[in-house]
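A.B. asks: Fold the following.
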Amino acid sequence: MSARLSRLKSWLRAITHRNRVEAHMEDEILFHLEARAADLTQQGLSPREALRQARIEFGAIPTHKDAMRHSLNLRWWDDLWADLRYATRTLRKSPGFTAIAVISLAFAIGANTTIFSIANEILYERLGVPHAEQLQLLTITGDKNLALHAFWGDWDSTPDGRTRFDSFTYPAYQQLRASNHVLQDIFAFKDIGRANVTIDGSAEALQVELVSGNLYQQMDVQPVLGRAILPSDDGAPSTGAVAIISDGLWQREFGRSPSAIGKTISANMTPVTIIGVNPRGFTGAKTVQSSPDLFMPLSMIPVLKGSMGETGTLLSSPNLSWVQLMARSEPGIPDEQARAALDTVLTAVIRGTITVAKSDTMPRLELEDGSRGLNFASNQFGKPLHVLLALVGFVLLLACANIANLMLARASARQREMGVRLALGASRSRILRQVLTESLLLSAIGGILGLVLSYLGRTALPSLISNAWEHAGLNVPFNWHVCGFTAAITILTGILFGLAPAWAATRAEVGTALKESASTATRSRKGFTGKAIVAFQVALSTLLVVSAALFLRTLFNLNSIDPGFRTDHLIVFDISPPSLRYSASKEIVLHRKIEQALASVPGVNGVTLTNVPLIAGSMSNAPFNIEGATPTEESGPILNAVRARDRRNTAMFVTVGKRFFPVTGLTIVSGRDFSPQDTETSQRVSIINRALAKQFFPFLTPTPSANASPSPPLKAKKPSGPRSSASARTCPSPTSAMILHRSTSTSTPKSPPEAE
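C.D. replies: Numbering: from 1, shown residues only. The predicted structure is shown next:
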């Protein structure tokens with residue numbers, strides 16, 4: 001090993017100090033000549049004759065120099081530089097061919113690099129913590145009769161038809177942590193969305209993640225400035241009014257000044273002291289894509305979010321599952337053993353804290369790979385990204401086929417050149433290396449330009465999938481993974497499109513290539529290769545054209561989908577009143593005042609409220625029971641069938657303001673709209689859509705008509721207790737979205753669509 005290392009060092013010195021090496025070789029050769037000439041002079045020869053005789057005995061000096069270079073492994077380096085210089089001159093003489101090839105490769109390699117950089121960040125990048133592969137994410141799975149009914153977090157379906165949830169109740173977290181002997185200490189975290197933060201008198205909405213007091217210790221992360229959040233901070237809300245800011249916020253608001261430590265800011269009207277600054281690569285425990293601006297103790301949740309309706313205080317509620325859990329694996333304990341032990345604890349906690357019905361089933365605790373956090377983006381965009389990677393790979397193959405065809409045509413015109421080289425003694429391997437060098441140089445230029453294009457356009461695709469209701473978008477770093485991928489596909493591309501022309505060049509016959517009819521004699525030999533490449537081009541082009549047509553058709557269909565409401569002249573924004581200042585009753589008054597103020601603005605036709613923004617990737621659902629309907633001869637069997645089902649029928653719901661339907665352009669096909677008489681103390685009413693009516697009341701489903709008479713109201717009872725279940729990307733907070741309908745004097749309003 002030491003000998004190889006010594007040879008490597010000698011080679012590097014010879015490469016980096018080439019002039020010194022050449023001078024040493026000259027000195028050594030001169031020394032040997034002078035020594036031999038001195039010996040011959042002593043034998044009686046004249047100095048001039050002795051030097052001539054010494055030169056004759058020594059042999060050709062360039063041959064000895066070449067042997068010395070070969071012993072230092074410099075010969076192939078010299079050949080490489082010679083090939084590169086010749087390839088540069090050759091490409092410079094054909095500017096049209098070079099431009100076409102480089103531009104084609106730049107776009108193809110740039111597209112591959114862009115998609116790979118995004119896929120690498122979403123699918124493969126891990127949390128920026130030491131030994132992220134040891135992290136285990138705790139989740140639960142269950143069927144529709146799950147004993148837990150209220151969730152605030154993400155969910156998705158498993159391959160076996162069950163539902164996977166990523167949230168636990170806070171009492172369950174405390175009990176799991178206290179009874180844990182199979183994992184290292186369990187820590188908790190929760191991204192609560194945006195909070196109203198005031199820094200130096202300037203207010204803005206910042207992303208906040210709450211963490212348990214042991215998170216920094218268990219993730220082995222230390223702030224670059226200040227200190228971490230400690231267990232003593234995660235006590236009562238009054239003792240935990242501290243925060244650690246992200247590197248981005250530190251740069252943006254404080255210019256990386258150390259004076260940020262100890263500074264007091266306001267979060268939802270609560271004074272908070274900054275105690276630390278996170279490292280640049282730390283994004284928290286939820287995701288690797290972007291970092292929250294503030295990290296605060298979990299004990300601050302009552303201050304920042306207040307109570308969640310019927311669920312009460314989150315730190316004591318046994319009903320609402322909202323906090324995410326993670327831990328490191330314990331060496332020597334299998335994952336299945338750890339899962340079974342914690343699953344037993346979770347079952348005991350559920351049975352001891354809530355009333356479990358006979359039809360309810362216990363959830364199953366699962367341990368998943370936590371090295372990428374919750375990994376929601378991977379589940380959402382995994383398949384589309386793999387499809388895009390395959391498509392841009394086909395584009396690169398097509399570019400290689402096009403350039404290979406062009407280089408085959410150039411190779412046929414260079415047969416005489418190759419014949420001369422062979423006649424002068426060049427080996428066929430030397431010819432192969434020369435042509436491959438030209439191909440690799442061409443691909444290297446295209447790869448560099450492709451990397452530049454990818455860097456400039458790296459934010460284009462993430463901006464297309466960003467959501468205005470969530471934290472800012474995906475950060476696409478250009479790290480060594482991306483540069484290594486670009487270098488790999490650049491080299492592979494150069495070899496791929498240069499192999500066929502190089503092989504064709506080495507098959508030239510010396511005598512045939514030097515004749516005037518060389519092109520005629522060699523064209524038939526390459527005919528099969530050219531036809532094969534053309535056939536491959538046609539097949540691949542057909543595939544890409546069909547894929548592009550399907551993609552465009554999908555975009556057209558998506559663009560032509562009627563969302564069910566008017567999308568023109570609408571402005572949507574959210575409001576998050578601080579829970580400490582605005583209780584439930586005060587919040588209603590605040591919203592009414594805001595509605596009245598906005599409605600009086602010139603150019604505003606209407607204002608309304610909704611707790612779930614329209615088409616924002618968020619939804620909420622709740623169970624309900626049907627009651628009070630008398631079965632008739634026609635409807636009896638249907639209602640009996642409905643009642644015989646599981647009582648926990650669920651439906652998506654949204655809480656809206658009184659002018660929601662007029663402002664959004666929806667019409668009521670049967671019944672009535674909400675009225676000013678529908679207050680907190682009046683009879684509770686709701687409006688259902690046709691889908692729910694057809695499923696549960698097919699005998700009463702109205703047929704839209706101009707003179708449709710209102711159907712009698714149906715009663716649906718929402719079960720007591722917090723039994724709402726939040727779906728993916730749902731935050732059941734008091735945040736409300738305001739919808740403004742602007743008037744216009746230049747466009748004619750469309751007829752409003754019916755409520756579907």
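A.B. asks: Quick check: which element contains residue 343?
C.D. replies: Assigned by DSSP states H and E, residue 343 falls within helix 335-353.
A.B. asks: can you check residue 273 too?
C.D. replies: strand 270-277.
A.B. asks: same for that strand, what does it pack against?
C.D. replies: Secondary-structure packing of strand 270-277 (3 or more C-beta pairs under 8 Å, 6 or more residues apart in numbering; DSSP states H and E): strand 225-226, strand 242-245, strand 264-267. Yep, even glycine has a C-beta here, placed from its N, CA and C like the rest.
A.B. asks: Parallel or antiparallel, which strands does the last one pair with?
C.D. replies: Meaning strand 264-267. strand 187-199 (antiparallel), strand 270-277 (antiparallel) (DSSP bridges).
A.B. asks: and the helix or strand that the longest one is followed by, what's its mean pLDDT?
C.D. replies: What it means is strand 187-199. Per DSSP H and E, the first helix or strand lying C-terminal to strand 187-199 is strand 202-211. Averaged across strand 202-211, pLDDT comes to 90.
A.B. asks: do the same with stretch 318-327
C.D. replies: On average, stretch 318-327 scores 91.
A.B. asks: What segments of the stretch 301-450 of the chain are helices?
C.D. replies: For the stretch 301-450 of the chain, helices defined by DSSP state H, counting those that start in this stretch occupy the ranges 301-305, 335-353, 376-413, 415-423, 428-456.
A.B. asks: Report the backbone C-alpha coordinates of stretch 554-569 in PDB.
C.D. replies: Taking C-alpha atoms only, stretch 554-569 is exported to PDB below (Å, rounded to 0.1, in the frame of the first residue of the first chain):
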ATOM      1  CA  THR A 554     -53.600  15.400 -19.500                       C
ATOM      2  CA  LEU A 555     -52.700  19.100 -19.000                       C
ATOM      3  CA  PHE A 556     -55.600  20.100 -21.300                       C
ATOM      4  CA  ASN A 557     -58.000  17.900 -19.400                       C
ATOM      5  CA  LEU A 558     -56.800  19.300 -16.100                       C
ATOM      6  CA  ASN A 559     -57.100  22.800 -17.300                       C
ATOM      7  CA  SER A 560     -60.700  22.200 -18.600                       C
ATOM      8  CA  ILE A 561     -61.900  20.600 -15.300                       C
ATOM      9  CA  ASP A 562     -64.700  22.600 -13.700                       C
ATOM     10  CA  PRO A 563     -63.800  23.000 -10.000                       C
ATOM     11  CA  GLY A 564     -67.400  23.700  -9.200                       C
ATOM     12  CA  PHE A 565     -67.000  27.300  -8.400                       C
ATOM     13  CA  ARG A 566     -66.100  30.600 -10.100                       C
ATOM     14  CA  THR A 567     -62.300  30.900 -10.300                       C
ATOM     15  CA  ASP A 568     -62.200  34.400 -11.900                       C
ATOM     16  CA  HIS A 569     -61.900  37.600  -9.900                       C
END
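A.B. asks: That one: which residues count as buried?
C.D. replies: Neighbour counts over stretch 554-569 (16 or more other C-beta atoms under 10 Å) mark 564, 565, 566 as buried.
A.B. asks: Span of stretch 570-579 from start to end?
C.D. replies: 28 Å (C-alpha to C-alpha, to the nearest Å).
A.B. asks: just how off-centre is it within its chain?
C.D. replies: Centre-to-centre, stretch 570-579 and its host chain are 27 Å apart (C-alpha atoms, centre = their mean, to the nearest Å).
A.B. asks: So which bits of that stretch are buried?
C.D. replies: For stretch 570-579, by 16+ other C-beta under 10 Å, it's 570, 574, 576, 577, 578, 579.
A.B. asks: quick check, nearest of those residues to residue 173?
C.D. replies: residue 579 (21.9 Å; C-beta to C-beta).
A.B. asks: Please tell me how far the closest one sits from residue 330.
C.D. replies: Distance of residue 579 to residue 330, given as C-beta to C-beta, to the nearest Å: 39 Å.
A.B. asks: wait, doesn't residue 296 sit right on residue 242?
C.D. replies: Yes - contact criterion C-beta atoms under 8 Å: residue 296 and residue 242 qualify, at 7.0 Å.
A.B. asks: Now list whatever residues contact both of these two.
C.D. replies: Common contact partners of residue 296 and residue 242 (C-beta atoms under 8 Å, 6 or more residues apart in numbering): 229, 272.
A.B. asks: wait, which of the strands paired with strand 264-267 is closest to residue 347?
C.D. replies: Here strand 187-199 is closest among these (C-beta to C-beta), at 19.5 Å.
A.B. asks: what about that closest one, average pLDDT?
C.D. replies: 90.
A.B. asks: Send me that strand as CSV with only the CA atoms.
C.D. replies: Only the C-alpha atoms of strand 187-199 are listed here, as CSV (Å, rounded to 0.1, in the frame of the first residue of the first chain):
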residue,chain,number,x,y,z
PHE,A,187,-38.7,12.5,21.1
ALA,A,188,-41.7,14.5,19.6
PHE,A,189,-42.2,17.3,17.1
LYS,A,190,-45.1,19.1,15.3
ASP,A,191,-45.1,21.6,12.5
ILE,A,192,-48.0,23.9,13.4
GLY,A,193,-47.9,26.0,10.3
ARG,A,194,-47.5,29.8,10.4
ALA,A,195,-47.5,32.1,13.3
ASN,A,196,-47.7,35.9,13.5
VAL,A,197,-44.2,36.9,14.5
THR,A,198,-43.0,40.5,15.2
ILE,A,199,-39.3,41.2,15.0
